[in-house]
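Please find the sequence and the predicted model below.
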Amino acid sequence: MRSLRTIAGSLLLAAIRPYGIAIIDWSMHRKMRRRQERKERWQAKGRATWNARLPPARSTEKDYLDVVGGGGVDVSTQQQSSFFTKLPLEIRRLIYAYALGGEQLQLEVVDEFIDEKMYEKAPFRLRCPSAQRLLAFPKSCKMVYEEAVQFIYTSNTFLIPNITAYFCLQRLLPTHSFQAIQSIHLNWAHPEAREMFDFLDGIPPYDVSSWNQTWQEISKMKGLKYVRVNMVIYAPDVKPAYEELLFSSLAAVQGVEKIEARVSWEEDGQPNEDRGRVWPFTVRTRLWGLKN
């Protein structure tokens, strides 16, 4: 038979246990709330830093050549040239398309430090040496430039190394030039995007918000006909829910003749009917070492 002391102790423990559990729950929720607040501040800081480093939107009055580091065209109009007097515009356009088209224009993002000790970075800059080379011809004559420069955008494929490069290009090009682009290859690869929570809780440009925003902007490109996206996740397979999150933004793009997604991961062994819906674009898997 238990003693009165034992019974009193049991009754006291039973009485205070709910309060102890409540205190523990309150402490855990407080820690979780603080952790969430720190994460949100970290994400907000990362987003603000990335956005601040993007170039300002360029006016439509600016010259096409600014985006690749060129200057304004200030040469003779060459109106006396037989090229203009004897060849009709339709023939000249065929020549421009042949001379300036069919290329892959590789964009490069210049990501530099202002102060490495303070981890302070300079604004992003965009380069495209292959476009600069092509522009040597239209820059030789003002009339050629006015007639031919559009073919830089309509007749070539822009190789975009990452989301940052896409938004730099969008901001640097005049709207009518950007809207004239017909073919793009976009790369998306980041070692920390292995798990879904890295993607959901990451910072730009490797987070779900930036991913969705990118495809919303791509869907607004009126002249776009072909899109290829290379997605590299450093894991052997990707769960269907993660795949759904990535592919849904592509499926929302309208008006593009062909979208092709090339992904690094393999199927995870689940039957196709268990992997979600059938996507309205081509998907190629197990493509490690993806290149343009």
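Structure received.

need the strands for the stretch 101-250 of the chain, in chain order.
Using DSSP state E, counting those that start in this stretch, the strands assigned to the stretch 101-250 of the chain run over residues 104-106, 108-110, 113-115, 120-121, 125-127, 157-160, 183-189, 226-232.

where do the helices sit along the stretch 151-292 of the chain?
Applying DSSP state H, counting those that start in this stretch to the stretch 151-292 of the chain gives helices spanning 163-172, 175-180, 196-200, 208-218, 240-251.

what mean pLDDT does the third one have?
Averaging pLDDT along helix 196-200 gives 81.

now swap in stretch 37-56 and tell me
pLDDT averaged over stretch 37-56 gives 86.

Need the CA coordinates for that stretch. CSV is fine.
Extracted in CSV, the C-alpha atoms of stretch 37-56 (Å, rounded to 0.1, in the frame of the first residue of the first chain):
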residue,chain,number,x,y,z
GLU,A,37,11.6,35.0,-38.4
ARG,A,38,15.4,34.6,-38.9
LYS,A,39,14.8,32.6,-42.1
GLU,A,40,12.4,35.2,-43.5
ARG,A,41,14.9,38.0,-42.7
TRP,A,42,17.7,36.0,-44.4
GLN,A,43,15.5,35.5,-47.5
ALA,A,44,14.4,39.1,-47.6
LYS,A,45,18.0,40.3,-47.3
GLY,A,46,19.1,37.8,-50.1
ARG,A,47,16.3,38.9,-52.4
ALA,A,48,17.0,42.6,-51.8
THR,A,49,20.7,42.1,-52.4
TRP,A,50,20.1,40.1,-55.7
ASN,A,51,17.5,42.6,-57.0
ALA,A,52,19.8,45.6,-56.2
ARG,A,53,22.6,44.0,-58.2
LEU,A,54,20.4,43.6,-61.3
PRO,A,55,20.8,46.4,-63.9
PRO,A,56,18.1,49.0,-64.1
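
quick one: buried residues of that stretch?
Across stretch 37-56, burial judged by 16 or more other CB atoms under 10 Å covers Q43, G46, R47, W50, L54, P55. Bear in mind the C-beta positions are built from the backbone N, C-alpha and C, glycine included.

Surely the second one and P204 touch.
Yes - contact criterion CB atoms under 8 Å: G46 and P204 qualify, at 6.4 Å.

could you dump the buried residues of stretch 37-56 to a markdown table with distance to K142?
Listed next are the buried residues of stretch 37-56 as a markdown table, based on distance: CB to CB, whole Å:
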| residue | distance to K142 |
| --- | --- |
| Q43 | 48 |
| G46 | 45 |
| R47 | 42 |
| W50 | 38 |
| L54 | 32 |
| P55 | 27 |
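
out of the helices of the stretch 151-292 of the chain, which comes closest to L134?
Among the helices of the stretch 151-292 of the chain, helix 175-180 comes nearest to L134, with 13.9 Å by CB to CB.

circling back: closest one to E244 out of the buried residues of stretch 37-56, please.
Using CB to CB, the buried residues of stretch 37-56 come closest to E244 at Q43, 22.4 Å.

Shouldn't the closest one be within a helix?
Yes - looking at Q43 with DSSP: H, G, I helix; E, B strand; the rest coil, it is inside a helix.

I figured it was touching D201, is that so?
Yes - here Q43 reaches D201: they are 7.2 Å apart, a contact under CB under 8 Å.

anything in contact with each of these two?
Contact criterion CB atoms under 8 Å, 6 or more residues apart in numbering; residues bridging Q43 and D201 by contacting each: D207.

State the distance from F167 to H176.
As judged by CB to CB, to the nearest Å, F167 and H176 stand 18 Å apart.

neighbour count winner among those two?
When F167 and H176 are compared for neighbours, F167 comes out ahead with 23 against 13, by other CB atoms under 10 Å.

re earlier: any chance of the buried residues of stretch 37-56 in CSV, with distance to I91 and secondary structure too?
Putting those into CSV (distance: CB to CB, whole Å; DSSP: H, G, I helix; E, B strand; the rest coil) gives the following:
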residue, distance to I91, secondary structure
Q43, 55, helix
G46, 53, helix
R47, 50, helix
W50, 47, helix
L54, 41, coil
P55, 38, coil
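
Looking at the residues you listed, spot the one nearest V238.
Nearest to V238 among the buried residues of stretch 37-56 is Q43, at 22.7 Å by CB to CB.

Now the closest one. Nearest residue, chain neighbours left out?
Once flanking residues are discounted, Q43 sits nearest to I203: 5.5 Å by CB to CB, 6 or more residues apart in numbering.

wait, that neighbour sits on W42?
Yes - the pair I203 / W42 is scored as a contact, 7.2 Å apart, by CB under 8 Å.
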